[in-house]
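**Student:** generate coordinates for the sequence data below:
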Amino acid sequence: MEANTLDTLKRVSAATVTLLLMKRGIRRSAMKGVRPLSPGQPRVVAEAYTLRYIPLREDLSDPTILGAPGYAPRVAIEECPEGSAFVIDARGVSETGVIGDILAERLHQRGVAAVVTDGAMRDGDAVRATGLPVWCAGSAAPASLAEHSAGDLQSPVGCGGVAVIPGDILVCDSDGVAVIPRALADEIARDGLEQETLEGWIQDRVREGRATIGLYPPNAETRAEYEAWRKQND
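**Tutor:** Coordinates of the predicted model:
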């Protein structure tokens, strides 16, 4: 992946990413039911670090396991790399929280860019107060042990109905979360920036009173007009 790809993607919306991936045959890139925990969270673009939960099995989910060496959800808190997105596969279960305020504070202090999960947060208001950007399925009081057993770290997971491979690139904004296969990140960044520039130009023409037919999507005449504008404005 090129050095400037993540910075470029910070100028590209999740909506644009999903459109560009659809054009490449990838239709399931937007996580279902995963939304910003706090309004106004900044767009986050980061590489995925994954944790997978498995269904509850009582002998694996006694509360004493929380302090056991090697317990994957606790190991993840200390190993999730700075600048990454901590992606938690909670199997779409939104009735239990997978992160609470203490762990959220630790992740924030360690410089983790965001938590993304198809599960819920515990202590939702307190998690918001940490300043850690979170995309999730809401808030819930019960702890993860009420529904989950720990699976593993840094393996392929499913989150919000989307496959996430460690190292994939997540674009998280007010619309939700889009997942870019790592091998496509450079071209999605390049084409995404061009798409955002084009759509900004189209939006300006609409503000001038132009009709959308032939403008959006642009026909050949509109495309030529845009290219001339682009050349003139470098």
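**Student:** output the longest helix seen in the chain as CSV, nothing but the C-alphas.
**Tutor:** Longest helix in the chain, counting residues (DSSP state H): helix 185-207. As requested, the backbone C-alpha atoms of helix 185-207 are provided in CSV (Å, rounded to 0.1, in the frame of the first residue of the first chain):
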residue,chain,number,x,y,z
ALA,A,185,-6.9,0.4,-1.2
ASP,A,186,-4.5,2.4,-3.5
GLU,A,187,-6.9,2.5,-6.5
ILE,A,188,-10.0,3.2,-4.3
ALA,A,189,-8.1,6.1,-2.8
ARG,A,190,-7.1,7.5,-6.2
ASP,A,191,-10.5,7.0,-7.8
GLY,A,192,-12.3,8.1,-4.7
LEU,A,193,-10.6,11.4,-4.6
GLU,A,194,-11.4,12.0,-8.3
GLN,A,195,-15.1,11.0,-7.6
GLU,A,196,-15.3,13.4,-4.7
THR,A,197,-13.9,16.2,-6.8
LEU,A,198,-16.3,15.5,-9.6
GLU,A,199,-19.3,15.4,-7.3
GLY,A,200,-18.2,18.6,-5.6
TRP,A,201,-18.2,20.3,-9.1
ILE,A,202,-21.6,18.8,-9.9
GLN,A,203,-23.0,20.1,-6.6
ASP,A,204,-21.8,23.6,-7.5
ARG,A,205,-23.6,23.3,-10.8
VAL,A,206,-26.8,22.2,-9.1
ARG,A,207,-26.5,25.2,-6.7
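**Student:** quick check, residue 5 in contact with residue 189.
**Tutor:** Yes: counting by CB atoms under 8 Å, residue 5 touches residue 189, with 4.6 Å between them. Every residue, glycine included, has its C-beta placed from N, CA and C.
**Student:** between these two, which is the more surrounded one?
**Tutor:** Applying other CB atoms under 10 Å to residue 5 and residue 189 shows that residue 189 carries more neighbours, namely 27 against 18.
**Student:** re earlier: got the contact list for the longest helix of the chain?
**Tutor:** 1-2, 4-6, 8-9, 11-13, 16-17, 19-21, 169, 180, 212, 215-216, 218, 226, 229-230 (CB atoms under 8 Å, 6 or more residues apart in numbering).
**Student:** now, of the residues you listed, which are buried?
**Tutor:** Buried subset of these (neighbour count, 16 or more other CB atoms under 10 Å): 5-6, 8-9, 12-13, 16-17, 20-21, 169, 180, 215-216, 218, 226.
**Student:** which of the residues you listed fall in strands?
**Tutor:** Secondary structure assignment by DSSP state E places 169, 180 of these in strands.
**Student:** buried set for the longest helix of the chain?
**Tutor:** So, applying 16+ other CB under 10 Å, buried residues of helix 185-207: 185, 186, 188, 189, 190, 191, 192, 195, 198, 201, 202, 205.
**Student:** same question, stretch 150-159
**Tutor:** Neighbour-count burial for stretch 150-159, counted by 16+ other CB under 10 Å, picks out 150, 151, 153, 154, 157, 159.
**Student:** what separation do you get for residue 217 and residue 184?
**Tutor:** Look at residue 217 and residue 184: by CB to CB, to the nearest Å, they are 22 Å apart.
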